[in-house]
Structure formats: C-alpha cells, structure tokens
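1. I would like to see how this sequence folds:
(chains A, B, C and D)
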There are 2 protein chains.
Amino acid sequence: MMPTVSGDLRALNRIRVLRAVHDCGGSRTRAQLTRELDLARGTASVLVGELIESELLAETPAAEHARGRPTLVPGPHPRGPQALAVDLREDEWEIAVCELGGRATTLEVRPHDGTPEGAFLPIGAALRALVGPRTVGVGVAVAGPVRQAAPGEDPLVDIAHLRWRDVPVGELLSLGAVPLHLGNDARLAALAEARRGQMRGVEVGLHLHIAFDLGGSLLVGGRPLTGASGTAGEFGHMPMAGDDEPCLCGTSGCWGVQVGSNALLRRLGLPYGGGKGRAEAGRMLARARSGDRAAAEALHAVARALGKGAGALVNAHDPALVTLSGFGEDLLGEALREAYVAALMEMRRPAPPPVVASALGWRGPLLGAMESVFDAFLTPNGVERWRHARMHGVMYTTSASAPV
Amino acid sequence: MMPTVSGDLRALNRIRVLRAVHDCGGSRTRAQLTRELDLARGTASVLVGELIESELLAETPAAEHARGRPTLVPGPHPRGPQALAVDLREDEWEIAVCELGGRATTLEVRPHDGTPEGAFLPIGAALRALVGPRTVGVGVAVAGPVRQAAPGEDPLVDIAHLRWRDVPVGELLSLGAVPLHLGNDARLAALAEARRGQMRGVEVGLHLHIAFDLGGSLLVGGRPLTGASGTAGEFGHMPMAGDDEPCLCGTSGCWGVQVGSNALLRRLGLPYGGGKGRAEAGRMLARARSGDRAAAEALHAVARALGKGAGALVNAHDPALVTLSGFGEDLLGEALREAYVAALMEMRRPAPPPVVASALGWRGPLLGAMESVFDAFLTPNGVERWRHARMHGVMYTTSASAPV
DNA sequence: CGCCTTTTGTTCACGACTAGAGCATAATCA
DNA sequence: TGATTATGCTCTAGTCGTGAACAAAAGGCG
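-> I've put the predicted structure just below:
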C-alpha cells in the first residue's frame, strides 16, 4: 500500500473517497467530502465521475440546501458492491446483506445443533443462494479463535465449549471463488466499535466482548490487532483471576473462566456450557436487577473478576477507553468499577480510562464481519478488481484474470 | 502520511531510499537498492542525486566488482544527520553519537546518584556540548514509564524503585529547540530488536527486557506499541504470578515483582532495590552457572515466573517470536521452557513461538533510542526540514520556519 | 593490446496525475 | 427580477515516474 507512481495516486484517492462515504454512512455531501479530503474541486469531480461510472457510487440530491448551488450526496450504488455477513454464535446464527455505507439487512436467524456440520452446511447453502454479481465477499464472525497456520492456508476454528477442533470452515461453506473473511467474534465486535461505535477516533482502545465466556481485542489506530496467526485477543486465557480452576483450553487459572454467562450460571449452581444457557443467563440478570440476593451476588462476583482483569489489561496496554459488548453492559456498575480501579497502577488512577458499554451491543460481531469484507474491498486491489470485473462483465473474485 | 499530489510521491520515494540505506547499514549498492525498491534506474538516479546534494547521503566506490560498469554504495554523508542517544539506567548512563546507517559510537559512560537532578543535569550538559548543525534529535531511553498526558505536553517519567514521580526530563535536560525523543527502555530495546536484531521481518513479536524488574513491548509490523499516553508495555503489572505480594506500583500480585535482579536478590536474602545490585546479581548468576545450589534455585524460580507470564502473554497476543534482553538471556533454560509451555493453551502447544535471546543484549535501549530519532527524522516532515535547513544554512529543529 | 560483452548511470520524450483558475449553473435572498 | 453565493465542470500548468536510447566503465578473451 505504498504508492510510487502517479497511477497509484488515483487509486489511492478513489479509495479515500469510497472509505469516507462508507465510514459516514453516505451522509456527507460531495462538497463536504471534497473539503474533508482536501481535494481540489476538479479532482473530486473526476474521481466521483469515475466511481459512478463503475457503479461504486450513486449521487442523490441533498435534502437540505444552504445558499448556493445545490450539491449532491454520494451514496451506495443500486448495483454496487454488497457484503454478506454472518454471525455464528454458540447456539444460533444470523445472516445479513450489507451495502457500502454500512446498512445491514438481516435476512435469517436460526438456531443450530452445536456441531460444525449442523451450523455451517445450512449457512453455506443460504450464502450460495445469496451470492451474485454484486457480492464482494462473505464475512463470518465465529465465537472462537480463528487460526491461520501459514499465509494462504485455510483458516481453522476451535471452540472449546462446543468441542470443535480444527474446523475447516471454508470447506464446509463451499463458497467457491467468493472471498471469505473469517474472524473471531470479539475482534470483529471491536472492529465495528472502532468504525461505528464508541471507539471512533480512539487511537488505542481495549474492547471486551462477553458472551458465554470472554474475548477481546486491542484496537490500535482504529484496527484490531490480529496476531501472527490470527488468534490475538485471547485475554481470557491469562491467569489473572487469582484462582486455579482448570480451563477447557488446557491450562488453569484462566481469567475467562470467571467472566461470562457460563461463570454466572456456575456460580448459581445452574447447568452451563456446551453453548446453552443464553436465555437462562438473561433471566438471572433480570432477577439480579430486581433484587434477588443470590443472583446479584453472583453477578457482582463476575463483575469484580471482569473489573480486576480489565484493570490489569489497562496497566499493560494503556488504552484511552475500554468498551464492553455482549453481556458486558449488564456487568457495568459499582462492583466492576471498584475492582477495576483497585487493579490499576497508582500512576493510572488520577485519570483511569473510562469503561463504557458498547454502542452496538450484540450486533457488533455481525457488523464487524461486514466491515472486514469492506476493509478487504476498499484497497487498491479490491477496487481495481471491481472496476475490471464491471468493465468485462465478469464476477468479482480474488483469483486470476484480475490485474495485480 | 497519505500522499495525494505528485510532490508527495517524490518525498515518499526519498524516504524509501533513505530508510533502505539506514536499515541495511549502508551495505547495499545503488543497483541493488534500485531493484529492491522497484524503481526505474532514471528515478533512482534523480533521487540519489538530490539526496547527495542535500548532504543526506554520500556515495563511495563498491569494494567488489562483478562484470559490468562498477556501481556505487550510498552511505551516510560526512556532514549528514546525526542522532544523539542516551541510555539512562537505574545506576548509570551512557551517551553515544550515531549516524545514518546505525553506527553508534559511545562517548561517555558514568554512574549517577539516583536522583533526577544527579542524573539529568550532567546528561544535559554533555548533550548540549555535542549538539551541532548535524544533530537531528536526541533519543533518551529511561528505565521507567514515559507518560504524555496530552499531545504537545512535556512527557513525565516515573521510576518506582528510585522514588521518581512526574520527573520533567525535558526541563532538566534543557536542550532548547533540539527535538527530544523520550522512551521507555524496554520499548526502545524492542524497537532496536525489530530493526537490527532477531525481530527483523517478524510481523508480530513480543520483546521482554529484564533488568532490575521487567518491562516489555508488543511489536506489530516492526513497530513497538506505545499506548494512548506512551506507557504501553507495563506487562509486569498484571497479576499473573499467582501470589499477592505488594508492588511499588500501588497494587499487589504483580508479575514484575517475581522477575528481574531485584527478585533474584530478594529470593537469596540479599539487599535489593533502589537501583543497586546490578553487579551482585551478575555474581549470583555466575554462581548459579557454576553449581551453587541456592543461587541456582533462586534463578530457576525467577525463570519459572518469567516463563509462566511469557506463556500467558503469548496466549493473549499470538506473537510469532519472543525475545529476551538484559538479564533475560541468563534466564533461558529448561526451567523457563517448562513453565512457558505449561502456561500455553493447548491450541498453541504444537508450535509454540520460540523464546530466544536478544541479538543486542544490554545495548538494545541505547540503539532503540537512536532508532527513535531516525524514525522521526525519516518522515516527509523530517527530511523536508533538513533539506530546508541545508538550503538556508540554519539549524534543524522541529519548530517554526519550516515548511509543514 | 584491442575488441566484445555485461552491467550500470544519465538523459529525454511520454503519459498520468493534481492544483488552481475561469466559467457555467442553480439555488437563496432582497 | 437581479444580486449573491456555493458548487460543478473544463482546461492549462507543473510535477512525477517509466522506459528506451545512449554513454560509461569495468571484466573476459583471443
């Protein structure tokens, strides 16, 4: 992504325009974009013209006018690029179709039986029915680490709760040449938060996604870190809780064992694990809110564990903000805050990074899956391939026949 | 750093050439560089010509010839940019002068009395005597967190061992308009390791620097993360050791309390802390190597603590490699390795990231301080300011009178 | 010793890009 | 209705990198 010739400049500026339109959800006028991106009016004219011609953007009249000549609003083209996004949780999955600008329309929500085939074969069938000439990629959020041993190899998924080991999601989905972007749910929730949530404009942030257990991601420069093989953010498997309980990951004392709906149900002596108990956990949270002593005590214990670990992570990574998605919102409160501040180094206590609820809640992973597709598309390669495909009337793929 | 006009292209390519020369230590021929950077011969000709004219590079004849016309080797110019680098440890400091390409010449090594004034006033005097028209910045590595509350504000330093709080290093050094780059020693050791050590070419790596206690840095894309206020990498203040001993940072159970020369001496019942005991710790390590039971047991306990925490960090961040500098090299061995693997998630055990000794050892922080200066210099702003200064015969500074 | 081969440095015509100015356009305001 | 204002469009000027043609400086070889 380092331009060396003037042709690269044009490609880069095309992407700057598309990215700006996408990030603002198609709400800015062309004149505003021109100023924001510091382009000459003539340059913007040429750029937008090209993007309209290649069916990447379409302009609609602006609703409100000031004094001068009315300006237009660039937004998604009716035949423009589409991302398919999937959120696969331990107990159900959801598919949405998304356009440039970030509008996501949920098409299907269905439970699954907890086996890789039971989950991914129906998802694959549903996706294949949706793929068309507008599709630029499929993004899938899964509730476990996504591991890519070497670049080019198929990524594998493990979900300890469900006893999934080395699940070849790509094979099970059978999407052919359609680009597949697989990602961990917590990381994708963080990505969505960075683009359209509380993390907007935050240089360094920590996002924690609490569902059955705990996942997270460190956001740097608006992008979640991936690690060498794609499995960064497994903060739950650091021994920060001070106990020695065994964890399904193969070690013991893991922080994640103490945080999440599994931990809550375990503390209340209820059955947990295996991807079951989402509704039950919700009921317990409601009871805690309405004064049930035992439920409240369990919730506070979980909140304290979350706060302590969050404080330790803040010590280590110095984020400006901490956001919580999934059940995290329900854990916010005095118990969390006390444990959090107590875990902070004295140096950080005068101005502790705020801990706040995610703006996207449970929709984070799905929206992040969408963003991961558009992130791959809004690159010189991606956009040039689209233009090439539109010029020659072929499908958009990452393989062959496209200019490198 | 996003080019939009063709002039930015030239500036960017200038930097690509300078960066390549710097990173290879001035060992590549012009023809090699041209191929590596994928430039046309004509372009390279113009670029190098400009860089020589502005006294950034000088060409010397290549020692060995192949068949054709002999090529030249671009290297540092005799009147070219210089960085001053300082490594401030708890007990002594060192100053070196460095040129483009990375050659560092140590000028002075002196002990200090452990007070901010006792350390920084003499350093400031020494630096002011060295500053000249070639100076493009001063880099200082300090053995504690460097905190910048808001951009533009003077960074402050805390070193708990020495009871330093909010030390205004910039004021004490009084360097006037010379750009000052202050950094944590562990982070700078990681930076040096990424540029000229084992971390070369590693996308995601974890570096741990063990001195009196423990510091570290996560390397992403060849750059150490800094955090929101510059204090990322304080991994030692996560409660990963499983104990509850109080830490000078204000909390308890900190991993860093169990790792480093302070921990080693404490386990042996010897006096420790306050920036004293480096030599004593060295003697104990030698004793352990030569078979002393008590010393070996203490060393192994420290190594196990280091291994356990390193494993936890690898679980969380998924690096491809872990490097150890300072005393870390002495802690490598079976005790560390066992604790390390035991702390890894089962998923990571088939191919655990190697844990190896740093290539730069104790020189890491100093060389990292140098790299931090050149990192700031090898940017469009930095190089354009140098060219501007050389054209008008003025000093290089970050302030005023320079083109933005 | 002289000539051919090989590799590198230099020069220049060419195409591509953006900035910026001048002009056209389409609304609001008085 | 005409002045004002902000925006879109068109065209020229300046800059950049490419790539080909040419010059230069060595080694290889008879």
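2. just the element for the residue of chain A found nearest DNA strand D, please.
-> Ranked by C-beta to the nearest atom of the strand, the top residue of chain A for proximity to DNA strand D is residue A:68, at 2.0 Å. No exception for glycine: its C-beta is placed from N, CA and C like everyone else's. Element membership of residue A:68, judged by DSSP states H and E, is empty: it is in no helix or strand.
3. let me see the domain layout of chain A.
-> A:6-76, A:82-187+A:364-403, A:198-358 (automatic domain parsing).
4. and the first one, how far apart are its ends?
-> Its start and end residues considered, domain A:6-76 measures 27 Å (C-alpha to C-alpha, to the nearest Å).
5. what comes up buried for the helix ranked longest in chain A?
-> Ranked by number of residues, the top helix in chain A under DSSP state H is helix A:293-317. Within helix A:293-317, the residues that count as buried by 16 or more other C-beta atoms under 10 Å in any protein chain shown are A:295-296, A:298-317.
6. list phi and psi for the closest residue to residue A:397 other than its chain neighbours.
-> Distances taken as C-beta to C-beta, 6 or more residues apart in numbering or on different chains put residue A:177 closest to residue A:397, at 4.0 Å, once the chain neighbours are dropped. Per-residue torsions, residue A:177: phi -90, psi 0 (degrees, to the nearest 10).
7. relative to residue B:396, how far out is residue A:177?
-> Counting by C-beta to C-beta, to the nearest Å, the gap from residue A:177 to residue B:396 is 53 Å.
8. who has more neighbours, the two?
-> More crowded of residue A:177 and residue B:396, by other C-beta atoms under 10 Å in any protein chain shown: residue B:396, with 23 against 12.
9. OK, contacts around the more buried one?
-> Counting by C-beta atoms under 8 Å, 6 or more residues apart in numbering or on different chains, residue B:396 touches B:81, B:133, B:135, B:136, B:385, B:386, B:389.
10. what average pLDDT does stretch A:322-335 get?
-> Stretch A:322-335 carries an average pLDDT of 97.
11. for the nearest residue to residue A:179 once chain neighbours are set aside, list each beta-bridge partner.
-> Leaving out its chain neighbours, the residue that sits closest to residue A:179 by C-beta to C-beta, 6+ apart is residue A:137, at 4.1 Å. When assigned by DSSP bridges, residue A:137 has beta-bridge partners residue A:83.
12. OK, contacts around residue A:137?
-> Taking C-beta under 8 Å, 6+ apart as the test, what residue A:137 contacts is A:83, A:84, A:178, A:179, A:180, A:181, A:373, A:376, A:377.
13. residue A:318 and residue B:378: what is the separation?
-> Applying C-beta to C-beta, the value for residue A:318 to residue B:378 is 25 Å.
14. how many residues are close by residue A:185?
-> By other C-beta under 10 Å, 28 other residues sit near residue A:185.
15. cool, and residue A:195?
-> Neighbour count of residue A:195, defined by other C-beta under 10 Å: 21.
16. in what helix or strand does it lie?
-> With DSSP H and E as the test, residue A:195 turns up in helix A:185-196.
17. can you give me how far that helix is from the chain middle?
-> Relative to the centre of its chain, helix A:185-196 is centred 3 Å away, using C-alpha atoms, centre = their mean, to the nearest Å.
18. with stretch A:63-82 instead?
-> Distance of stretch A:63-82 from the chain centroid (C-alpha atoms, centre = their mean) equals 28 Å.
19. for it, buried residues please.
-> Buried residues in stretch A:63-82, counted by 16+ other C-beta under 10 Å: A:71, A:73, A:74, A:75, A:76, A:77, A:80, A:81, A:82.
20. dump these to JSON lines, plus pLDDT and distance to chain B.
-> Putting the buried residues of stretch A:63-82 into JSON lines (pLDDT from 0 to 100; distance: C-beta to the nearest C-beta, whole Å) gives the following:
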{"residue": "A:71", "pLDDT": "92", "distance to chain B": "21"}
{"residue": "A:73", "pLDDT": "96", "distance to chain B": "23"}
{"residue": "A:74", "pLDDT": "97", "distance to chain B": "18"}
{"residue": "A:75", "pLDDT": "97", "distance to chain B": "23"}
{"residue": "A:76", "pLDDT": "98", "distance to chain B": "24"}
{"residue": "A:77", "pLDDT": "97", "distance to chain B": "24"}
{"residue": "A:80", "pLDDT": "97", "distance to chain B": "24"}
{"residue": "A:81", "pLDDT": "98", "distance to chain B": "22"}
{"residue": "A:82", "pLDDT": "98", "distance to chain B": "27"}
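21. inside strands: which ones of these?
-> Among the buried residues of stretch A:63-82, the members falling in strands (DSSP state E) are A:73, A:74, A:75, A:76, A:82.
22. from these, which is closest to residue A:15?
-> Nearest to residue A:15 among these: residue A:74, at 13.8 Å, using C-beta to C-beta.
23. report the secondary structure state of residue A:85.
-> Counting by DSSP: H, G, I helix; E, B strand; the rest coil, the backbone at residue A:85 sits in strand.
24. mind checking pLDDT for it?
-> So, for residue A:85, pLDDT stands at 98.
25. from DNA strand C, how far off is it?
-> 31 Å (C-beta to the nearest atom of the strand, to the nearest Å).
26. help me confirm that that residue comes into contact with residue A:363.
-> No: with contact defined as C-beta atoms under 8 Å, residue A:85 does not reach residue A:363; the gap is 10.1 Å.
27. who has more neighbours, these two?
-> residue A:85 (30 against 20).
28. list the contacts of that one.
-> Under the criterion of C-beta under 8 Å, 6+ apart, the neighbours of residue A:85 are A:95-98, A:104, A:138-141, A:366-367, A:369-370, A:373.
29. tally up the residues packed near residue A:126, please.
-> So residue A:126, with other C-beta under 10 Å, has 17 neighbours.
30. how about residue A:119?
-> Around residue A:119 there are 29 other residues, counting by other C-beta under 10 Å.
31. and residue A:60, by the same measure?
-> 10.
32. for it, list the residues it contacts.
-> Contact analysis of residue A:60 by C-beta under 8 Å, 6+ apart lists A:72, A:73, A:75.
33. kindly report the same for residue A:185.
-> Residues near residue A:185 by C-beta under 8 Å, 6+ apart: A:87, A:88, A:89, A:141, A:142, A:143, A:209, A:211, A:215, A:364, A:365, A:368.
34. isn't the fourth one right up against residue A:181?
-> Translated: residue A:141. No: using C-beta under 8 Å, residue A:141 is not in contact with residue A:181, being 9.6 Å away.
35. so for these two, which sits in the more crowded spot?
-> residue A:141 (32 against 23).
36. surely the more buried one is within a helix?
-> No: assessed with three-state DSSP, residue A:141 is strand; it does not lie in a helix.
37. from chain B, how far out is it?
-> Residue A:141 sits 18 Å away from chain B, going by C-beta to the nearest C-beta, to the nearest Å.
38. and what of residue A:244?
-> 8 Å.
39. give the burial count for that residue, as a bare number.
-> When neighbours are counted by other C-beta under 10 Å, residue A:244 registers 10.
40. what's near enough to touch it?
-> If you count contacts by C-beta under 8 Å, 6+ apart, residue A:244 has them with A:252, A:253, B:242.
41. may I ask which helix or strand of chain A has the lowest mean pLDDT?
-> Across the helices and strands of chain A, mean pLDDT, DSSP states H and E gives its lowest value to helix A:380-392, namely a mean of 92.
42. tell me which other helices or strands that one touches.
-> Contacts defined by 3 or more C-beta pairs under 8 Å, 6 or more residues apart in numbering or on different chains; DSSP states H and E place helix A:380-392 against helix A:6-23, helix A:364-377.
43. got those helices as JSON lines, with mean pLDDT columns?
-> Converted to JSON lines, the helices and strands packed on helix A:380-392 look like this (pLDDT from 0 to 100):
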{"stretch": "helix A:6-23", "mean pLDDT": "95"}
{"stretch": "helix A:364-377", "mean pLDDT": "98"}
